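Asker: Can you look at this prediction? I've put the sequence above it.
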Amino acid sequence: MYKIILLIDFAEEYSKALLKGIAKYSKEHGPWIFCRMPLFQRETIGLDGILEWALEWGADGIIGQLYNDPDIEKFIAAGIPVIAQDFKERFKEVPNITGAHKEAGEMGADYFLKKGFKNFAFYGFKDIVWSRERAEGFEERIAKAGHKVHYFEHAMARSSEIWYYKPSSLSQWLKSLPKPIALMACDDNQGQHITEACRHSKIRIPEEVAVLGVDNDEMVCEFSDPPLSSIGQDAEKGGYDAAKLLHEMIKSGTAEFYDIVVRPTQVITRQSTDIYATNDGFIATSLKFIHQNIDKNLQVNDVVKQVPLSRRALEKRFLNITGYPIYKYIFNLRIEKLSQKLLETDLTVFEIALDMGLTDSKNIARQFKQIKGCTPIEYRNQFLA
């Protein structure tokens with residue numbers, strides 16, 4: 001029976017998902033005993049104090065936020081396997097629970113580009129790896145589409161205070177941006193900074209600024225006004241894989257290790273991005289109808305009936321603005337909706353197809369593989385612990 005110290009922020013949704021994955025692995029391969037050490041212990045007694053406690057308690061391993069402290073070498077010397085949840089930068093001496101951060105940035109950019117935006121912004125920290133790399137992925141994809149990104153990078157009061165910001169300077173920056181603009185924040189907490197500053201400055205969301213966060217922390221997203229759209233991540237699987245790696249390190253030693261990479265899954269749309277950036281009222285009406293009715297067996301003719309245009313005229317305008325024919329846009333959105341339900345429910349592919357008004361689950365499974373490169377079941381297994 002292994003004894004594991006968890007030095008994790010138990011209030012964050014991301015960390016809670018990691019813990020669920022760790023607990024699941026423990027139940028399958030344990031049981032393990034856990035010491036849930038609060039983060040202020042790191043601030044109060046430092047890594048030396050944590051190491052002393054670990055040795056006294058007889059800890060077999062540690063998973064936690066260690067803030068890139070060089071004293072990590074003392075844990076290695078003591079022979080205690082450690083997996084670090086990355087914060088400012090990744091450790092080189094021990095494995096990290098990190099993320100495919102550039103991939104998240106790319107996903108945010110693609111999401112906004114499909115909505116027809118021409119103006120883009122990013123809000124985050126340039127001296128924190130997960131923010132910096134999300135910004136890089138976002139900017140690379142936006143630049144490829146021929147646009148530029150406006151930046152606001154604020155400094156924290158201390159390394160631990162990611163909640164800290166100055167509303168006045170943020171409001172001034174938001175007022176200076178071209179409108180309408182698609183803004184990606186490095187995480188949900190920073191996304192809520194944006195919604196608060198916009199409300200303070202009487203900037204309309206999503207009409208003038210559409211805001212997207214990362215992590216899909218439902219409490220933070222729903223606490224935001226309006227509710228914040230966000231990119232979900234497979235953190236539970238990350239926790240499961242981290243526990244598996246720690247188990248291997250305990251049994252075989254710490255000489256060989258690898259990073260655990262948490263990947264983004266999909267964008268969860270809420271009110272903060274529920275808009276389509278086009279001056280063409282007919283296309284805006286068409287897009288709104290598609291998104292509101294994607295759970296039905298939607299056909300192109302159903303969309304054409306919503307506007308006073310011929311099918312040919314609507315098809316031409318739709319393609320010019322979105323870059324996709326109407327049928328292809330519906331097809332892509334349907335697959336995204338299906339992928340979201342695969343991760344958020346326990347329904348079978350057949351049950352999800354029926355729920356979306358589709359009767360041919362085999363055909364939609366084949367279409368899913370065309371877009372995602374794997375079957376629906378493989379996709380679900382890829383992201384779930």
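Answerer: That came in fine, so what should we check first?

Asker: what about the protein, any weak spots by pLDDT?
Answerer: The chain contains residues with pLDDT under 70 at 154-167, 385.

Asker: To which secondary structure element is Phe152 assigned?
Answerer: Using DSSP states H and E, Phe152 maps to strand 149-153.

Asker: for Arg317, same thing?
Answerer: helix 311-322.

Asker: same check, this time on Trp130
Answerer: Assigned by DSSP H and E, Trp130 belongs to helix 129-144.

Asker: coming back round to it: counting contacts, what elements does the helix holding Arg317 pack onto?
Answerer: helix 281-292, helix 300-304, helix 326-344 (3 or more Cβ pairs under 8 Å, 6 or more residues apart in numbering; DSSP states H and E). (Glycine included, C-beta is placed from N, CA and C.)

Asker: Of all the ones you listed, which one is nearest Ala109?
Answerer: The closest of these to Ala109 is helix 326-344. By Cβ to Cβ, the value is 15.2 Å.

Asker: in the chain, which spans are strands?
Answerer: For the chain, the strands defined by DSSP state E cover 3-7, 33-36, 61-64, 82-85, 96-99, 120-124, 149-153, 181-185, 209-214, 229-233, 260-262, 264-268.

Asker: Give the pairing partners of the third one; include direction for each.
Answerer: The one in question is strand 61-64. According to DSSP bridges, strand 61-64 forms sheet pairs with strand 3-7 (parallel), strand 82-85 (parallel).

Asker: which of those sits most buried?
Answerer: strand 82-85 (a mean of 25; mean count of other Cβ atoms under 10 Å).

Asker: Please enumerate residues in contact with that strand?
Answerer: Contacts to strand 82-85, defined as Cβ atoms under 8 Å, 6 or more residues apart in numbering, come from residues 8, 15, 18, 61-66, 72, 75-76, 90-91, 94-97, 242, 245-246, 249, 254, 260.

Asker: Swap in 6 Å and give it another go.
Answerer: For strand 82-85, contacts defined as Cβ atoms under 6 Å, 6 or more residues apart in numbering pick out Ile62, Ile63, Gln65, Leu66, Phe75, Phe91, Val94, Pro95, Asn96, Ile97, Ala242, Leu246.

Asker: From the residues you listed, pick the one nearest Phe40.
Answerer: Looking across the contacts of strand 82-85 and measuring by Cβ to Cβ, the closest to Phe40 is Gln65, at 11.6 Å.

Asker: on that earlier part again, out of the strands of the chain, nearest to Gln299?
Answerer: With distances scored as Cβ to Cβ, the stretch of the strands of the chain nearest to Gln299 is strand 264-268 (24.1 Å).

Asker: Centroid-wise, who is the farthest residue in this structure?
Answerer: Ser310 (39.6 Å; Cα atoms, centre = their mean).

Asker: would you put the C-alpha positions of stretch 353-369 in CSV?
Answerer: Output of stretch 353-369 as CSV, limited to C-alpha atoms (Å, rounded to 0.1, in the frame of the first residue of the first chain):
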residue,chain,number,x,y,z
ALA,A,353,-27.3,9.8,-32.9
LEU,A,354,-31.0,9.4,-32.0
ASP,A,355,-30.7,12.3,-29.5
MET,A,356,-29.5,14.4,-32.5
GLY,A,357,-32.4,13.4,-34.7
LEU,A,358,-30.3,10.9,-36.8
THR,A,359,-31.2,7.4,-37.4
ASP,A,360,-28.1,6.0,-39.2
SER,A,361,-25.5,5.7,-36.5
LYS,A,362,-23.2,3.7,-38.7
ASN,A,363,-23.1,6.5,-41.3
ILE,A,364,-22.4,9.2,-38.7
ALA,A,365,-19.7,7.0,-37.2
ARG,A,366,-18.1,6.8,-40.7
GLN,A,367,-18.4,10.6,-41.1
PHE,A,368,-16.9,11.1,-37.6
LYS,A,369,-13.8,9.1,-38.6
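
Asker: how many neighbours does Glu315 have?
Answerer: Glu315 has 17 neighbours, counted by other Cβ atoms under 10 Å.

Asker: for it, what are its contacts?
Answerer: With Cβ under 6 Å, 6+ apart, Glu315 has no contacts at all.

Asker: Tell me how far it lies from Ser286.
Answerer: According to Cβ to Cβ, to the nearest Å, Glu315 and Ser286 sit 10 Å apart.

Asker: swap in Tyr67?
Answerer: The gap separating Tyr67 from Ser286 is 49 Å, by Cβ to Cβ.

Asker: Which one of these two is surrounded by more residues?
Answerer: Neighbour comparison, Tyr67 and Ser286: the larger count goes to Ser286, with 25 against 18 (by other Cβ under 10 Å).

Asker: Show the contacting residues for the more buried one.
Answerer: With contacts defined as Cβ under 6 Å, 6+ apart, Ser286 is in contact with Val303.

Asker: and it, how far is that from Gln190?
Answerer: Going from Ser286 to Gln190 by Cβ to Cβ gives 33 Å.

Asker: Next: Pro308.
Answerer: Distance, Pro308 to Gln190, using Cβ to Cβ: 43 Å.

Asker: Comparing those two, which residue is more hemmed in?
Answerer: With neighbours defined as other Cβ under 10 Å, Pro308 and Gln190 compare such that Gln190 has more, 24 against 9.

Asker: Contact partners for the more buried one?
Answerer: By Cβ under 6 Å, 6+ apart, the residues touching Gln190 are Tyr123, Gly124.

Asker: next one: Gln266
Answerer: Contacts for Gln266 (Cβ under 6 Å, 6+ apart) come out as Gly232, Ser339, Gln340.
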